[in-house]
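Q: Just to be clear, the model below is a prediction. Sequence and coordinates:
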Amino acid sequence: MSINDIFNKKLKVINTGIESFKENIEQAGAEAIHVDWKPPVDIDPKVWETINAKEDLINEANQKALEIILKGKPNLVGMDLAKNVIPGMKPNLILHSGPPIKWERMSGPTRGAVIGALIYEGMASTPEEAEKLAASDKIEYAPCHEHDTVGPMAGIVSASMPVFIIKNEEYGNQAYCTQNEGLGKVLRYGAFSEEVITRLKWMDDVMYPILKKAIESLKKIDLKNIIAQALHMGDEVHNRNRAGTSLFYRTIAPAIIKTSDDKQNMADVLDFINGNDHFFLNLSMPAAKATLDAAKNIPNSSVVLALSRNGTDFGIRLAGTGDKWFVGKAPLPDALFFPGFTKEDANPDIGDSAITETVGLGGFAIASSPAIVQFVGGTAKDAVNYTLAMYEISVGENNIYQIPYLNFRGTPTGIDVRKVISKNLTPFIDTGVAHKEPGVGQVGAGVLSAPIEPFKNAIVGFAEEIK
Amino acid sequence: MIKGVIKKGAYFDSVTLMIVSKDLNKIEGVADSSVVMGTNENKSILKMAELYIDMFDDADDTDMLIAIDAENDEAFNKAVDFIEKELDAIRNSSDDTSDFAPKSFESALKLMPDANLSLISVAGKYAVAEVNKALNANLNVMLFSDNISVEDELKMKQKAVEKGLLMMGPDCGTAIINEIPLAFANVVNKGNIGIVAASGTGLQEVSSIITNLGGGISQAIGTGGRDVKKEIGGIMFIEALKALEKDEQTKVICLISKPPHPEVLDKIASEIKKLKKQVVAIFIGADEKTVSASGAIPAVNLEQAAVISVALAEGKDYKEALNELNARQEKNKTLAKELAKNNKGKYIRGLYSGGTLCDEAQLLLKDTIGYTYSNTPLNDDYQLSDIWKSQEHTIIDLGEDEFTAGRPHPMIDFSLRNRRVVDEAKDTDTAVILLDVVLGYGSNLSPEKEFAPVFEEAKKINPNVAIICSVTGTDKDPQNRAKVKQTLENAGAIVMNTNVEAVELAESIVSFL
């Protein structure tokens, strides 16, 4: 090359820094593109030295992780009670969303859901009694994530709850999730009133056996296929699951008719699914979990395998750092509130549902679902821009999950913690908002960018584990 | 009362913040203010400007700091509201219509795979990483940022040379590549004069004069001022020189710099000797002999460099052109006599926004009226004891850090110079107020509107004071030189074609006092 090469070409400029320089160049008749640059996150230079020295190794490990994630085949293969299938589940164990947390630090909605679960399990008869029990050492707590499970919002799972069983057919690992209760006053938002418990009991007694039989008759339902179709139908399968739920309904309805005989119950179950646009969330989440867990324990991989919040802390886990959690404070979402509620009522971000973003769905696929950005007054273009930004922090693109508007480009997949730090750009997450007091329920829905602290901690922890 | 706010994680580039904060001091009850990102450099600037408060200790690079010296809480709140509204407007203006802005060089390159130049103006400590990304991807670089170590500069330039790429800067404020003005540059004619400059304002002045004389520019390559120092060894200056020699569009090469280190000058000289093309050089402050020794045709000031270059480019005898300049000086004497008539002052007060122009003024005056007081004097004995107060003949550079701390550059923000013009008018010893107005991209878009009312006020205070301006720029600049000139003249100023001519007139006036 020679300096003279540029003299004979049209000038094409990448502008980083002062934005008006780009406008001036365009005004003068040349092409320019502006980099929406932000200072990188301040990290001990030694950490970067360690990481950069092993760049090739890390890239290779990340490619391996990506390949496993892309090859994953999550199928719904059955249902059972938590105590029968979830590894390590026992009567006095309560699973919750997010990183580990003790009762003392639990947020309102998580506490509310724990109270509800203890009443549901018959271990307490009043909220007061439940609260006392919950605070005692008789009850143990653990993150869903540490038991191959995911739970939306408070994510409370107790021993008697029926769960979906999702198997990653490619790698054999399984993931579990409870049945979705619908919107309004529900356990996952920390509500525990009588209507909440009554509904849970109906789901146990009526819906669970009907669904279980129907799924058994189908042997398996290909969730990856349903998710791929749902993306083409306006879902991002985190905050919008209308298409996914409809597709599931189409699949399950004939099987229900074939395997059950109580017309009223069948109609009730089908109506319940039909009336709950979020029903499929409790399938898209474990599908994501089963897909990602297959990539656990890949040495030197900086790919994120879990983004998760418990209403107090925001935690993440990486493929290359085993079972370690890296945590920071959970932020308040930027939300549209239901009438009568304001930001004052909102609980910090909560739920395992950001597992969808981790696998390249949800906020990462929001360009497929412009309806969601309307939650916060955004435009369709915003949705596209959010997805485009997420490619910046991802290792690759999905082979099956695509975005029609971007010419069927695969969704950004496999978050690389190095890119998050060097670009100071965190994952974009769609989310529901819970009331901060126990027992109230959902108060809004919105979007947020993950906080940077867990990623800062993660990159330091990652550097320590590089081999 | 100084109060402040920290906006966590709110990042805006410095120019956006300057533009937004420009009108802040106009809010009633606000004495002074600054809006900056929380870098250590900015923090020390706030300390210098006495706008620092302890809470800023907790802020870091990604946090925005708002510091307001307000009379009361009401004024403070008003100012903060104002900033928030302005920034909101900027942020939201891009929401609906703007295309996706990539967040990194890598993804920008994906969107523009045939990009061939990277213009970088992020804070110095982040800039080196951005430069290396660009060089590794075989892009030419213009690095506007300063605060880069000499070691880094050398490494980046060596890498660029290895790859056959331009590495303009650090601290390169001006360049014109393929007719496109980059950063702070003027809209000039296309032509056959190629420029290599280690001085940004020098490049602007010469390329503008060339255009105003009817000549044109093939390429104008900035190197950053440090390139000709010993440590860097003129590495990019020489590469640019070689490139212009090879460039078919270029007929004449014009070199602009402060005097290079003697070793570097030797290198440049031996390079010039190899060239077939004619080379004109202005090494501001160096004597003719030094320049001649390099084999270049020497110019003693920026105007001469432009005049000689144009003559050569047109195939004319440049000595004739220089004679015309001398004749002009004679003609201006008549004007000077006129202006000296009722003038009761004694001294020239030069208030500059361009550093190189300020140096040039001091050099020109040194030969006739002697050394002048300055914040950047040629002779240390002439350091102003108080930069805010002129002494005898005073020529100051308001673009220096001691004036700009926490404020935009005087080419953008005229408020400081405006105040100083009025102060000088009030001083009965002032005979001439000498000013530069630098046009082009990046500068204030209507300098005439800033100056006109101030000139009128100054003339009211002191009707016989001479206000002399030079305007660096062209009629094709966004500000339009002719329009600026007309407005300033209407407001009572004498507008000269070049800084040299303005200085000559000023010294001529005082010679008649």
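A: Received, thanks. Remember, it's a predicted structure, so these values are computed and weren't measured experimentally. Numbering: from 1, shown residues only, chains lettered A, B, ... in the order given.

Q: While we're on residue B:443, how confident is the model there?
A: Note on residue B:443: pLDDT of 91.

Q: Specify the local secondary structure of it.
A: Per DSSP: H, G, I helix; E, B strand; the rest coil, the secondary structure class of residue B:443 is coil.

Q: Using just helix, strand and coil, how would you label the residue nearest to it when sequence neighbours are not counted?
A: Distances taken as Cβ to Cβ, 6 or more residues apart in numbering or on different chains put residue B:411 closest to residue B:443, at 4.5 Å, once the chain neighbours are dropped. Backbone N, C-alpha and C define where each C-beta goes, glycine included. Put simply, residue B:411 is coil when judged by three-state DSSP.

Q: Tell me if I'm right that residue B:411 and residue B:355 touch.
A: No. Contact criterion Cβ atoms under 8 Å: residue B:411 and residue B:355 do not qualify, at 10.6 Å.

Q: For residue 208, pull up the helix or strand it's in.
A: Went with chain A since none was named. In this assignment (DSSP states H and E), residue A:208 forms part of helix A:208-218.

Q: You answered for a different chain; I wanted chain B.
A: Assigned by DSSP H and E, residue B:208 belongs to helix B:200-212.

Q: close to chain A, is that helix?
A: No. Judged by Cβ under 8 Å from any Cβ of the partner chain, helix B:200-212 stays clear of chain A, getting no closer than 13.8 Å.

Q: got the CA positions of that helix in CSV?
A: C-alpha atoms of helix B:200-212 as CSV (Å, rounded to 0.1, in the frame of the first residue of the first chain):
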residue,chain,number,x,y,z
GLY,B,200,-3.4,23.6,11.9
THR,B,201,-4.2,27.3,11.8
GLY,B,202,-1.2,27.8,9.5
LEU,B,203,-2.7,25.3,7.1
GLN,B,204,-6.1,27.0,7.3
GLU,B,205,-4.6,30.5,6.7
VAL,B,206,-2.4,29.3,3.7
SER,B,207,-5.1,27.2,2.0
SER,B,208,-7.6,30.0,2.4
ILE,B,209,-5.3,32.7,1.0
ILE,B,210,-4.4,30.4,-1.9
THR,B,211,-8.1,29.9,-2.7
ASN,B,212,-8.8,33.6,-2.3
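
Q: That helix packs against which elements?
A: strand B:174-177, strand B:190-197, strand B:217-222, strand B:252-257, helix B:302-313, helix B:355-366, strand B:466-472 (3 or more Cβ pairs under 8 Å, 6 or more residues apart in numbering or on different chains; DSSP states H and E).

Q: if we go to 6 Å?
A: If you count contacts as 3 or more Cβ pairs under 6 Å, 6 or more residues apart in numbering or on different chains; DSSP states H and E, helix B:200-212 packs onto strand B:174-177, strand B:217-222, strand B:252-257, helix B:302-313, helix B:355-366, strand B:466-472.

Q: Quick check: next helix or strand after the helix holding residue A:208?
A: Counting by DSSP H and E, what follows helix A:208-218 is strand A:221-222.

Q: ok now that following strand, how far from the chain's centre?
A: With Cα atoms, centre = their mean, to the nearest Å as the basis, strand A:221-222 stands 20 Å off its chain's centre.

Q: Mind listing residues that contact the helix or strand following it?
A: Note on strand A:221-222: by DSSP H and E, the next helix or strand toward the C-terminus is helix A:223-231. Here helix A:223-231 makes contact (Cβ atoms under 6 Å, 6 or more residues apart in numbering or on different chains) with A:74, A:76, A:237, A:243-244, A:247, A:283-284, A:287, A:365, A:368, A:400-401.

Q: Out of the helices and strands packed on helix B:200-212, which is closest to residue B:166?
A: In this view, these are compared for proximity to residue B:166 by Cβ to Cβ, and strand B:217-222 is the closest at 6.7 Å.

Q: of residue B:411 and residue B:355, who's got more company?
A: Each of residue B:411 and residue B:355 has its neighbours counted (other Cβ atoms under 10 Å in any protein chain shown); residue B:411 has more, 25 against 19.
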